[in-house]
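Trainee: coords below, sequence missing:
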């Protein structure tokens with residue numbers, strides 16, 4: 001019974017998670033330039049958000 005709890009149901013794993021690094025790189029290589037630019041801009045915005053975030057609660 002404990003084995004059933006530890007097994008991962010593959011139906012519940014989101015489609016955007018790719019476990020194979022080579023497959024992810026192959027997919028990203030063939031993206032259009034505008035898609036690459038949009039991902040880059042999103043990355044910059046997210047990084048800026050993390051830099052300006054303030055920690056309001058910290059565990060001791």
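Mentor: Everything's here; your move. Keep in mind it's a predicted model, so treat the numbers as computed, not measured.

Trainee: following the helix or strand hosting residue 25, which helix or strand shows up next?
Mentor: Per DSSP states H and E, residue 25 falls inside helix 21-29. Once helix 21-29 ends, the next helix or strand along the chain (criterion: DSSP H and E) is helix 33-52.

Trainee: name the residues that touch that following helix?
Mentor: Here helix 33-52 makes contact (CB atoms under 8 Å, 6 or more residues apart in numbering) with 28, 31. Quick note: C-beta positions are derived from backbone N, CA and C, even for glycine.

Trainee: quick one: the helix holding residue 25 to helix 33-52, angle?
Mentor: Using axes from the mean of the first three to the mean of the last three CA atoms, to 10 degrees, the direction of helix 21-29 lies 110 degrees away from that of helix 33-52.

Trainee: packing partners of helix 21-29?
Mentor: Using 3 or more CB pairs under 8 Å, 6 or more residues apart in numbering; DSSP states H and E as the contact test, no helix or strand touches helix 21-29.

Trainee: now do it, average pLDDT.
Mentor: Averaging pLDDT along helix 21-29 gives 84.

Trainee: now swap in stretch 39-50 and tell me
Mentor: 91.

Trainee: dihedrals phi and psi, residue 54?
Mentor: phi -110, psi 130 (degrees, to the nearest 10).

Trainee: residue contacts, it?
Mentor: Applying CB under 8 Å, 6+ apart to residue 54 gives no contacts.

Trainee: and it, what's its pLDDT?
Mentor: Residue 54 carries a pLDDT score of 83 in this model.

Trainee: ok, residue 40 - how many residues close by?
Mentor: Neighbours of residue 40 under the rule other CB atoms under 10 Å: 10.

Trainee: again, but for residue 24
Mentor: Residues near residue 24, counting by other CB under 10 Å, number 13.

Trainee: buried stuff in the helix holding residue 25?
Mentor: Residues of helix 21-29 classed as buried by neighbour count (16 or more other CB atoms under 10 Å): none.
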